[in-house]
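Q: Would you be able to build a 3D model of this:
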Amino acid sequence: MMNGTEIAESSAGTDVRAATEALTELIWKKERREIARFLDSLAPPDLPIVVSRLDDGDRSEMLEVLDPDHAAGLILEMRELSPHEMLAQISPDAAAAILHILPSDVKTDLVAALKPRTAERILERLPQRERIDVRTMAGYEPDVAGGLTATEVLSYPESATVRHVVDDLRDNASVYTNYDIQYIYVTTDDEKLVGVLKIRDLLLSDADTVLRNLIVEDPVTVDHLTPLDDLRDVFDRHRYLGLPVVADGRLLGVVRRSAVEEAAARRTARQFRLVQGIIGGEELRTLPVTVRSGRRLAWLSANIVLNVIAASVIVLFEDTLTQLIALAAFLPIISDMSGCSGSQAVAVSMRELSLGVVQTREVFRVWLKEISVGLLNGAALGVLLGVVAWLWRGNAVLGVVVGAALAINTLVAVSIGGTVPLLLKGLGVDPALASGPILTTITDICGFFLALGFAALALSSGHL
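A: The predicted structure follows:
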């Protein structure tokens with residue numbers, strides 16, 4: 001019988017099912033070393049695939065069986081697979097041991113994602129100082145500097161000497177080895193940041209030199225409540241890999257450029273999920289069916305109401321539609337094409353809001369910009385659809401009806417798509433969540449009303 005490593009070598013990247021079955025067998029047997037060797041032998045692209053195929057209970061059991069170092073490394077590799085769900089299923093002691101090893105910013109994210117009761121049970125097992133730090137950082141919103149701060153920094157009082165710092169680095173080398181050290185931070189006795197010290201200056205200075213004589217004073221810092229967009233601006237202006245985070249001048253930790261970029265990517269992904277109607281957090285097929293169903297139904301059930309409102313317009317013009325059944329073929333085209341134009345305007349507004357190049361009070365300016373595009377695109381699309389209707393049905397008036405409806409509805413769509421995200425943002429509502437349904441509902445209602453209304457007028461005047 002092959003051991004875990006041999007199975008991994010023969011299946012990784014080629015037979016996911018066999019690899020998953022082999023890993024499951026090792027988990028059931030609680031073969032700690034073999035599980036670790038198996039996971040290490042998997043090719044990086046295969047690792048998340050194989051782990052995601054495990055049953056929920058087996059994934060959690062794997063974390064419980066592995067030693068904390070291997071489990072923490074696996075969580076770092078599996079951050080896109082909602083590892084907090086796995087932590088919630090294992091014993092608080094095992095979860096605390098894993099959290100203790102993880103970087104502080106990852107630790108904070110995981111704790112913040114857990115249910116409060118579960119998080120408290122785990123935090124109680126952590127050392128007091130670490131527990132306080134995690135609770136403090138988990139209290140921040142994820143898109144501000146405090147929520148992205150890593151507390152693993154080297155800081156020493158300004159009265160310390162070079163000898164003291166070097167001795168401390170040597171004595172605690174095993175602790176500091178995983179720190180991402182760029183600078184040494186120098187503080188007052190009450191932990192207020194006074195300057196930064198380059199490693200090179202430290203090593204080339206006399207042992208009895210006091211740190212306050214070596215520091216670079218007034219370093220670039222960010223406040224703990226600095227929002228994500230402002231953080232991105234700071235890193236765009238400066239070429240630092242990380243910046244100290246302060247609260248009332250007191251050093252909290254460091255925010256890394258990579259953490260800011262990851263947070264921006266997560267926010268974009270979150271906005272995309274909201275636009276697509278997935279509410280309540282990130283969805284993966286490894287989540288429980290009831291959770292996934294609930295998140296989708298929250299959107300779909302509301303969408304029923306919106307679609308009923310749009311459909312009611314068709315009912316009002318039932319007689320018109322009965323007399324001109326050919327118009328029914330063009331209603332979804334008018335609705336869909338207008339919706340696409342509006343979605344483009346939404347995307348541009350969302351992009352400009354995320355970049356900070358437009359302000360919520362600039363609704364009128366944005367509307368004028370969109371109207372200019374809407375006039376051109378609406379005219380072009382209207383003429384194109386009108387010609388198609390004319391050639392297909394041999395009726396020029398029908399072409400005018402559907403062409404005019406599409407042209408005007410395109411203006412409505414780009415107006416809504418461009419301005420609604422700004423209006424919602426100004427009201428404190430997430431524009432990614434609400435812009436889509438508002439746009440869809442109004443463009444459907446207007447598109448149906450315009451097409452059927454123009455057709456009714458043409459019929460009553462005897463032109464159709």
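
Q: residues contacting the closest residue to Leu102 other than its chain neighbours?
A: Leaving out its chain neighbours, the residue that sits closest to Leu102 by Cβ to Cβ, 6 or more residues apart in numbering is Ala72, at 5.1 Å. All C-beta atoms are positioned from the backbone trio N, CA, C, and that covers glycine. Residues in contact with Ala72 (Cβ atoms under 8 Å, 6 or more residues apart in numbering) are 98, 101-102.

Q: For the residues you listed, pick the one with the most neighbours.
A: Ile98 (28 neighbours; other Cβ atoms under 10 Å).

Q: my read is that one is in a helix, agree?
A: Yes - applying DSSP: H, G, I helix; E, B strand; the rest coil, one finds Ile98 inside a helix.

Q: Against Val401, how distant is it?
A: 66 Å (Cβ to Cβ, to the nearest Å).

Q: In terms of pLDDT, where does Val291 sit?
A: We have a pLDDT of 64 for Val291.

Q: Likewise for Ile7?
A: 41.

Q: that older thread, CSV for the contacts of Ala72, including pLDDT?
A: Shown next, in CSV, are the contacts of Ala72 (pLDDT from 0 to 100):
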residue, pLDDT
Ile98, 92
Ile101, 89
Leu102, 89
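
Q: got those residues as a markdown table, with distance to Val162 columns?
A: Formatted as a markdown table, these follow (distance: Cβ to Cβ, whole Å):
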| residue | distance to Val162 |
| --- | --- |
| Ile98 | 37 |
| Ile101 | 31 |
| Leu102 | 32 |
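
Q: from these, which is closest to Asp206?
A: Nearest to Asp206 among the contacts of Ala72 is Ile101, at 37.1 Å by Cβ to Cβ.

Q: contacting residues for that closest one?
A: Residues near Ile101 by Cβ under 8 Å, 6+ apart: 68-69, 72.

Q: So which of those sit within strands?
A: Among the contacts of Ile101, none falls in strands (DSSP state E).

Q: between those, which is nearest Asp133?
A: Using Cβ to Cβ, those come closest to Asp133 at Ala72, 17.1 Å.

Q: What separation do you get for that closest one and Leu214?
A: 35 Å.

Q: again, but for Val246
A: 20 Å.

Q: Likewise for Arg121?
A: In terms of Cβ to Cβ, Arg121 sits 45 Å off from Leu214.

Q: Which one's more surrounded, these two?
A: The residue with more neighbours, out of Arg121 and Leu214, is Leu214; 21 against 17, by other Cβ under 10 Å.

Q: Nearest spatial neighbour of Gly382, chain-adjacent residues omitted?
A: Ala407 (3.2 Å).

Q: just checking, what packs against the helix or strand harbouring the one you found?
A: Element membership for Ala407, per DSSP states H and E: helix 396-426. Contact partners of helix 396-426 among helices and strands, from 3 or more Cβ pairs under 8 Å, 6 or more residues apart in numbering; DSSP states H and E: helix 331-355, helix 363-393, helix 431-460.

Q: mind giving me TSV with those and columns for distance to Pro116 and mean pLDDT?
A: Below are the helices and strands packed on helix 396-426 laid out as TSV (distance: least, Cβ to Cβ, whole Å; pLDDT from 0 to 100):
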stretch	distance to Pro116	mean pLDDT
helix 331-355	30	86
helix 363-393	39	92
helix 431-460	24	84
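
Q: what's the closest of those helices to Val412?
A: helix 431-460 (4.9 Å).
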